[in-house]
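Peer 1: Whatever this is, show me its structure:
(chains A, B and C)
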Amino acid sequence: MPVIYTADWYSAVVEAINTHVAGLRGVPEGAWTCRIEIAGDGVSPYVAAGEERHFLVRIDGGRCIWYREVLGEEEEGTVLDYRFRGPAAVFDEIAAGAIDPVVAALHGTVKVRGDMRFLMRQAELVKTLLEAYATGVVETTWPLGAPPYAVTGGSSDATTAGAPTTAAAATRGPADA
Amino acid sequence: MRDTYDVVIIGAGHNGLTLGAYLARSGLEVLVCERRHEEGGGLCTEELTLPGFLHNVHANYHTFVDLAPPVTDLELREHGVEYVRPEVQMASVFTDGTALVIHSDIDKTCASIARFSEDDAETFRRLHAEAHGYIDLLLGTLMYQPPMSVKELTKALSVFGVEEGSEFLSVKLRVETINQFLDQHFTHPKVKAHLAFHGAVCGYTNDVKGLAIGFPLLAGKIDNWNLCVGGSHRLAHALWRDLAQHGGVMIADADVEHIVVQDGRAVGVRLTDGTEITARQAVASTVSVEQTFLEFLDPASVGEELAHKVKTKVRHKDWTLFSVHLAMDRLPEYTAAEFDPDVNRAWVVNLGYGSPEELNADWATIRAGGLPDPHPNAAVNSLYDPTDAPAGCATGLLRQFAPFALSDGGEGAWDEIGPYYGRKCIEEWRRFAPNLTDDAFLASAVFTPHDIVRKLPNMIRGDWMMGEISLDNMLDQRPLPELGQYRTPIERLYMAGSTQHPHGFITFGPAYNALAIMAEDLGIEPWWRKV
Amino acid sequence: MTRTTYDAIVIGAGHNGLCLAAYLQRAGLSTLVVERRHEEGGGANTEEPVMAGFRHNLHAQYMEFFDVMPMIQDFGLEDLGLRTVMPEAQAGIAFADARPPIVIHRPDQPEATHASIARYSSADADLFAELKHRAGALEGLVAGSLYNIPSAATGGPDLQAEMLDAVFGDLDIGHHYIQKSPKQVIDELFDTPELRALLYRVTVEWGFPVDQTGTGVAFLSFIMWTVGNWKLALGGTHSLAKAMTQACYREGVDLLESCSVEKILVEDGRAVGVRDRRGVEYRASKVVASNADLRQTLLDMVGEDHLSTLWVKRARAYRYGPSHVLGTPMFCLYEPPAYASARWDPDIDRCFYTMVGFDGPEDTIRYIRDAYGGTVPKPAAGTWVNSLWDRSQAPTGRHAATGWYFMPPASALSPADWAEVRATYNERFLEVWRQHAPNMTSENVLAHKLYTPDQMERKNLMREGDFSNGEFSPDQMDANRPFPEASNYRTEVDGLYLCGPSAHPGGGMHAACGYNAYKAIAEDLGLPSPAVATRGY
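Peer 2: Just a heads-up that it's a prediction; the model follows:
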């Protein structure tokens, strides 16, 4: 089982997404760049409080064709179609399948910016993409505990080595597709 | 003025000026033509009573100024507009001396509601919190985007399972009235009365089927009303300044009488004094559908079918407003202040509606063309903006829901009955605030529904939302399916005012959304779209 | 705005303040204009105070300086909303006994003017035409005298004598005309009583007290230049203010309304900013300029503590009124007035400015002297029906008429008396109007209202209702205005300038006070001069 937030884990998520999407009909043509901003909130142990992890994800024809972590100030000039931003603990909960990402957006905990009309019109696709990420489709190891992060007695506890790397960029590009 | 511009905009209300400012910032040569002698449209502020007393003739409430993209994109605060968010937003005072008070602080609001019903207070807290959660989402999805259809919207909500994730949102809202929504979630008639009243002040009549769909948003913003310091017209000045600073021009006393069409394309306008102005790229109208298609355009350009639709299918609000503007030498002191002293600091006060049924009864009277017994609401801007009246004095505004045409005499009857009805409204205020004896009022000026159309002929039949607020007249259907996406059947002619989605009120939405469409057609890079 | 520090702050968004602000901003100074009222314009004010849809100019009516006003050219105001119309028939006088009117036409229609005067006297018609023609050629001189900082040299008797000789010598106009009053000059030049009556009224309209000796040259140059040279601003006078505001915005000027300045902040003898009624301070690093009247500026805003005893004395001695004090009646009509005199000359029914109620020169003189003397005169007026040329000023099928009464200064009557005047004077004038134009019955008048000097004082801070914010007499004119030590727009407080009509050349829609104030500031700060060689100022 890949460890949460490692390159292996991201690869697994992308595969899951693309498998789910493969089954969809009426997927729109076109490509979109999304920026995902995960803000350390002092609750999630996976992102230090005050720090942030940002990812760029490229969706093309419904499939995720690449993603990469944004380091430092680079990529500020990238033209974005969507931006999703929220506290790290919420992203953890989404990944663990503990909360519905749509509900997180509704509650305003995850902020969404971009062409909302398109997002609504492509509700099926968006739902599918989210399901792959959010419903625990990818079996995951949580070295620092899955939310609510109880280390003893938790179900997906750390078994194998090491916390996920933080600074080293997790990247998967077209060459790896 | 010169005789050629890139874009000519008809109407310098907040939508016309906003659209103009964006286009000017995009490098186009823009002319905004205003029929009146000053810019602003519904933002006009005048000394209607005595020198030094500033009265907002129409728009008094600026609710979206912290959310609307144009406020930041056009740097309006740098252009001199200043807002105050009153701590005591609105109140209802009831005939039994009690009062319900909405504060900018949700805890205080809930404490006030709890005095009538603790359950209702908790429900309201949840409704407010839930609505707050999705306000950004809703505004981004609904308000500041060209519209999708109700069907698409409800389908998306269904796919996303929004109903499961929310207590108050449901597809049923589409067929419910605000009354029904309130009955389902709240218990106390006075709580419901205030909420229904609040919706009405926003233009959402509580007994109209389907308007429940808008209620959660209204509830979420119930405590976020802002007052424009120095009068609403300051917003118009700020918008004008941005337009002018970026090379655009607003010309007042420029009364458009004709939109020139060649080979099916809008190429300019002609003013009533004969001046002809060429628009190289586009013409945008922010006035009414009727004016645009039945007065400004040749019938041949419009076609019989569209003309017929404009005449028969464009729908307007079935009630309007009667106002009394007052120069006062004191602030109101409510009897209900004994129950809750905060009432005396409430910006806007519902005088006496104690249940939704009372509102319903008044709608029935109004729709039949009758004059309801006065139940005005009272706004005293001076409480939060001392610059709007001389020292020690106050500017008061009484607003009464009213029919446009009285069954007895039509709209012309207002000229006769206005002063009398104004006195009745003042008397009603006095019932709740007995310190407002006759000498409290240094001068008064009524502003009847007939005055509304005289001043702003684009507000057909006194329709201050520039189009009926109902589910059928919303989103991509507003004001007609052919016009719902800001384009018109005439190439390069756009509708960009409050006739369009979202609707009237100071939202900047119609202009911002029309801008998106025009940018597509004119090849303008949307530099303002920040993700 | 969030900003509170600027290079320059201009107090008052009257047209002079707006003019100054535009030039300052263009010269690179960040400029804030603060305006006490909720809208800009000051005396350039058009409203609908009587009935919705009927526009009335509450103060300025004539737009006579538009051909020479620098700001119009320098900032392209005609592209920014300033549009004008020049009626052919300009000034006229009608009579109750239906005798022929006298109608003065635009300068490009001298034959029409001649024919009109000639009905009474060919000699007067010839002379008038000649003087008008020569005064026209003096436009440069007139403009130069407006748009330059006055010096003791420019207005001096020697120069005036030279000019008289050069321009009018062959008409037997001698040096002694310099010392005459306008009335004396008019009486000496023209025989026709009707023409005299018209010219007396025109003279006082342009602010030259008709009995004021020592202003004879002004009649020949300024008055004769201006008569018949008037334009109507489409939409009303306020269009000038709107276009100026737009020009200011284009340049980047900040304009803050509903901001009432209480104090000009003075530190170490230097003006450093202003404080408003709310206690908010705005700082100016280089310039504070005041469009407000002299006493308010110096005694209230600056305060005696920061002034020398001389300046306090001068400020206290400065006089307001009586010669520029008017009342503005406003009428909403079905039909425009149809004069009995029109049977001789229909032009009187379509004349920009028509005098009603002055049967002869004695009437006019008595009228003026009564007003100057503090008595409400027998009703008579100069009238305009702008809707004849500008349909935007009245609803279809109706007309808006405005007038000017000469009135005593505000303090000459009690508030109760002024209320009485407002309640009764228009009706009394309407009776007179009806005698001259029989269709001016009560059926023809939908409504009317009167705006009186006491109201002007409150609304626009025109002391005593004096639209020049300071009496127009030789001791307070030109290089003496407002007083000799202050006549070049500078004050004894460093960085504080005067830019309103308390300075030269007084009231009127010329924007010269603002323009000249800019010149003074430009000299002091090394900014570009606005002068353009081809126009001479």
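
Peer 1: Can you report how many residues lie near the residue lying closest to B:Pro51 once chain neighbours are set aside?
Peer 2: Nearest non-adjacent residue to B:Pro51, counting by Cβ to Cβ, 6 or more residues apart in numbering or on different chains: C:Lys459, 4.7 Å away. For every residue, glycine as well, the C-beta is placed using N, CA and C. By other Cβ atoms under 10 Å in any protein chain shown, 18 other residues sit near C:Lys459.

Peer 1: tell me the phi and psi of C:Lys459?
Peer 2: Per-residue torsions, C:Lys459: phi -70, psi -50 (degrees, to the nearest 10).

Peer 1: Also C:Pro361?
Peer 2: Taking degrees, to the nearest 10 as the convention, C:Pro361 sits at phi -60, psi -30.

Peer 1: Count the neighbours of B:Ile289 for me.
Peer 2: No, residue B:289 isn't Ile; it's Val. Neighbours of B:Val289 under the rule other Cβ under 10 Å: 27.

Peer 1: let me redo that: B:Leu398
Peer 2: 23.

Peer 1: now it: how far from chain C?
Peer 2: For B:Leu398, the distance to chain C (Cβ to the nearest Cβ, to the nearest Å) stands at 20 Å.

Peer 1: How is that residue assigned, secondary-structure-wise?
Peer 2: strand (DSSP: H, G, I helix; E, B strand; the rest coil).

Peer 1: That one and B:Glu427 touch, don't they?
Peer 2: No. Using Cβ atoms under 8 Å, B:Leu398 is not in contact with B:Glu427, being 10.6 Å away.

Peer 1: wait, isn't B:His246 in contact with B:Ala24?
Peer 2: Yes. Proximity of B:His246 to B:Ala24 meets the contact threshold set by Cβ under 8 Å, at 3.9 Å.

Peer 1: Find the residue closest to C:Ala412 in space, skipping its chain neighbours.
Peer 2: Spatially, and ignoring its direct neighbours in sequence, C:Ala412 is nearest to C:Gly374 (3.9 Å; Cβ to Cβ, 6+ apart).

Peer 1: show me what contacts that neighbour?
Peer 2: Contacts of C:Gly374 were listed using Cβ atoms under 8 Å, 6 or more residues apart in numbering or on different chains, and they are C:Pro322, C:Pro408, C:Pro409, C:Ala412.

Peer 1: could you pull out the helices for the stretch 251-400 of chain C?
Peer 2: C:294-295, C:309-317, C:361-373 (DSSP state H, counting those that start in this stretch).

Peer 1: Please work out which of the ones you listed is packed deepest.
Peer 2: Greatest average neighbour count among the helices of the stretch 251-400 of chain C goes to helix C:294-295 (a mean of 22), per mean count of other Cβ atoms under 10 Å in any protein chain shown.

Peer 1: quick one: which helix or strand includes the residue in the stretch 101-250 of chain B positioned nearest to chain C?
Peer 2: Per Cβ to the nearest Cβ, B:Ala244 is where the stretch 101-250 of chain B lies closest to chain C, at 3.6 Å. According to DSSP states H and E, B:Ala244 maps onto helix B:233-245.

Peer 1: B:His246 and B:Ala24: who's more crowded?
Peer 2: Neighbours were counted for B:His246 and for B:Ala24 using other Cβ under 10 Å; B:Ala24 has more, 24 against 20.

Peer 1: Double-check that one against B:Trp240; I have them as touching.
Peer 2: No. Here B:Ala24 does not reach B:Trp240: they are 11.0 Å apart, not a contact under Cβ under 8 Å.

Peer 1: For chain A, which segments are assigned as strands?
Peer 2: Assigned by DSSP state E, chain A shows strands spanning A:31-39, A:52-60, A:63-70, A:82-87, A:111-114, A:171-172.

Peer 1: So for the fifth one, what gets flagged as buried?
Peer 2: Buried residues in strand A:111-114, defined by neighbour count with 16 or more other Cβ atoms under 10 Å in any protein chain shown: A:Val112, A:Arg113, A:Gly114.

Peer 1: quick check, nearest of these to chain C?
Peer 2: Of all those, chain C sits closest to A:Arg113, with 25.6 Å by Cβ to the nearest Cβ.

Peer 1: How about that closest one: what's its closest non-neighbour residue?
Peer 2: Per Cβ to Cβ, 6+ apart, closest to A:Arg113 is A:Arg83, 4.5 Å.

Peer 1: and the gap between C:Gly12 and chain B?
Peer 2: 16 Å.

Peer 1: Correct me if wrong: that residue contacts C:Asn291.
Peer 2: Yes. The pair C:Gly12 and C:Asn291 passes the contact test of Cβ under 8 Å, sitting 2.9 Å apart.

Peer 1: So for those two, which residues contact both of them?
Peer 2: Listed contacts common to C:Gly12 and C:Asn291 are C:Gly42, C:Gly500; contacts here mean Cβ under 8 Å, 6+ apart.

Peer 1: Neighbour count added to the contacts of C:Gly374, as a markdown table?
Peer 2: Formatted as a markdown table, those follow (neighbours: other Cβ atoms under 10 Å in any protein chain shown):
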| residue | neighbour count |
| --- | --- |
| C:Pro322 | 23 |
| C:Pro408 | 26 |
| C:Pro409 | 24 |
| C:Ala412 | 21 |
